[in-house]
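Engineer: Structure for this input, please:
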Amino acid sequence: MNEERDFDFVDHMTDHEALMWNVEKDPWLNPNGAVLTFLDRPVDMDLFRRQVRFEVSKVPRLYQRVLSGLGHVSTPEWVVDPEFDLDYHVQEVQLPSPGTDRQLLDLAARLYEEPLDRTRPLWRAVAIGGLEGGRGALWTLIHHVISDGAGQMRIAALYQQRSRDEEPRPEVDLDAIIADAAALSAPDEFSADLGTSILRTAGRTFDQIARRQAEFVRRMVGEVGSWPADPGRPIRLAGDVVDSARSAVGQLSGTANEVEGGSPLWRARSRHRRLEYVRVPLDDLHAAANALGGTVNDAFMAGLVEAGVRYHNDRDTTVSAFNTSFVLSTRAEEQITTNAFTPVLVQIPCDDDSFGQRIRTVREAMAAGRTTAEHGGSIAGLSGIINLLPTLVVTHTARDQAAHIDFATSNLRGAPFPLYCAGAKMTAMVTMGPVAGTAANITAMSYDGNFEMGLFVDPAAIEDPEGYRRCVEEAFADLLQAKAGS
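Structural biologist: Numbering: from 1, shown residues only. As a prediction, this is how the structure comes out:
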């Protein structure tokens, strides 16, 4: 897919990105997601490297590394990595015989558990061969501080094509591009003496603080200018500020917004991961959701709640409600990259006895969650305050909060037509969303007529991942057959 535009990035992380960067120091809270793409044959590695070189040349963040700011006063900075090595980031592996899908899913989970080198550009791509039937696969991970799932899909479009024989990307001299970028950037701190490095870092830190304050003043001038036309706005604004402050203190101390209920079985947590996936026809899911008075998103969540109930029933355990979350996108259409989302926590009761009732319950819960998030009640809007606290305090609090969430969800809209990569057709795209201290992450991607659900599970919490997958399969099969009014 030929998207020739360059990708623009700011020099520093946003407060939200800096928060994700800091909490990652606790491996339980890994905020990253990955994608496992099934292919009808292995990629042509020479062609794939050519495609990736083009991609990196268009996305400077892919050849930049992170440079810490001065304490917690400023957010980390992005600088060119003059030692960028494409062969480090693009690798090739072969599955041992017989090359089953289960072996592939297990490899993908192991690759995910290997932490990225935080001194290098924050991404990896692994081409995988040796699958049964002569198939191949591609595993890719781009750190969440670079962009969210929607932004990463736009970046990935640079190495994807709409046909197997589409003209390849032009050859680029990536070494020269990076050398030129490095020459234009500030000298590398490691090449200078300690005193000079500290001064440079401090100078950039104070410059960032000044720019952030200028932006704050600009927003306040615009805010005050709107008051004559809306006399009640100052009172509402003051209330929002108070609510946000109370929410920040509560989330950080664990004394407010207590989350009760949830699964009595899915309480344990670990850093280990297990990958399963379920596919349903997108048109069928859309038709069922419409017949039951909901959207695909509503049906997605309702199906997962039903699957969770069945999993517990199979183990003679009652669950009254699930604590779950969904991602609310704040991305403007013109935004190509960066992170533009906020996670929304919702509790969904489990006592409905039909899919129609379950979808209505989901719609109400998610609507209430959106309202709370849009009025400043989410942690994403409080990142600047939280980043000023010691990392240990933040990670401890984040782990405690995540431990009360049964599963996190997200839904990405992929291409409605088949895509190709370096001569191979992409037959399925399985997303590995960030579990980040919850029991599981279920991220769906619509692609080429299918709704692909990646079930990324903490096996310490969900001890029978295969049994959980079967429950998801059965729940969605029944949902597709449900009729309006049931």
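
Engineer: can you map out the strands along this protein?
Structural biologist: Secondary structure of the chain by DSSP state E: the strands cover 34-39, 64-67, 77-80, 90-94, 123-129, 136-142, 274-281, 321-329, 341-349, 407-413, 419-421, 424-432, 440-447, 450-457.

Engineer: Relative to I178, which of these is closest?
Structural biologist: Checking the strands of the chain against I178 by C-beta to C-beta gives strand 77-80 as the closest, at 6.5 Å. Placement of C-beta: from N, CA and C, glycine included.

Engineer: State the mean pLDDT of that closest one.
Structural biologist: If you average the pLDDT over strand 77-80, you get 94.

Engineer: centre of the chain versus that strand, how much separation?
Structural biologist: 22 Å (C-alpha atoms, centre = their mean, to the nearest Å).

Engineer: domain ranges for the protein?
Structural biologist: 15-191, 274-420+434-481 (automatic domain parsing).

Engineer: and these as CSV, adding distance to A428 and mean neighbour count?
Structural biologist: What follows is the domains of the chain, written out as CSV (distance: least, C-beta to C-beta, whole Å; neighbours: other C-beta atoms under 10 Å):
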stretch, distance to A428, mean neighbour count
domain 15-191, 4, 18
domain 274-420+434-481, 6, 19
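
Engineer: May I see these organised as CSV, with distance to G261 added?
Structural biologist: Shown next, in CSV, are the domains of the chain (distance: least, C-beta to C-beta, whole Å):
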stretch, distance to G261
domain 15-191, 22
domain 274-420+434-481, 4
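
Engineer: P264: which of the ones you listed is closest?
Structural biologist: Between P264 and the domains of the chain, the tightest spacing by C-beta to C-beta is seen for domain 274-420+434-481, at 6.0 Å.

Engineer: hmm, back to that, now the strands of the chain as JSON lines including distance to E114?
Structural biologist: Below are the strands of the chain laid out as JSON lines (distance: least, C-beta to C-beta, whole Å):
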{"stretch": "strand 34-39", "distance to E114": "11"}
{"stretch": "strand 64-67", "distance to E114": "18"}
{"stretch": "strand 77-80", "distance to E114": "23"}
{"stretch": "strand 90-94", "distance to E114": "11"}
{"stretch": "strand 123-129", "distance to E114": "8"}
{"stretch": "strand 136-142", "distance to E114": "9"}
{"stretch": "strand 274-281", "distance to E114": "14"}
{"stretch": "strand 321-329", "distance to E114": "25"}
{"stretch": "strand 341-349", "distance to E114": "25"}
{"stretch": "strand 407-413", "distance to E114": "22"}
{"stretch": "strand 419-421", "distance to E114": "22"}
{"stretch": "strand 424-432", "distance to E114": "13"}
{"stretch": "strand 440-447", "distance to E114": "18"}
{"stretch": "strand 450-457", "distance to E114": "15"}
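
Engineer: how about the helices of the protein, start to end?
Structural biologist: 15-23, 45-58, 86-89, 101-113, 149-156, 174-184, 194-225, 233-253, 282-291, 296-313, 355-374, 383-386, 391-402, 465-481 (DSSP state H).

Engineer: what's the angle between the second one and strand 424-432?
Structural biologist: Okay, so that is helix 45-58. 60 degrees (axes from the mean of the first three to the mean of the last three C-alpha atoms, to 10 degrees).

Engineer: could you give the angle of helix 45-58 to strand 90-94?
Structural biologist: Put simply, helix 45-58 runs at 150 degrees to strand 90-94, going by the same axes, to 10 degrees.

Engineer: roughly how far is helix 45-58 from the heart of the chain?
Structural biologist: With C-alpha atoms, centre = their mean, you get 23 Å for helix 45-58.
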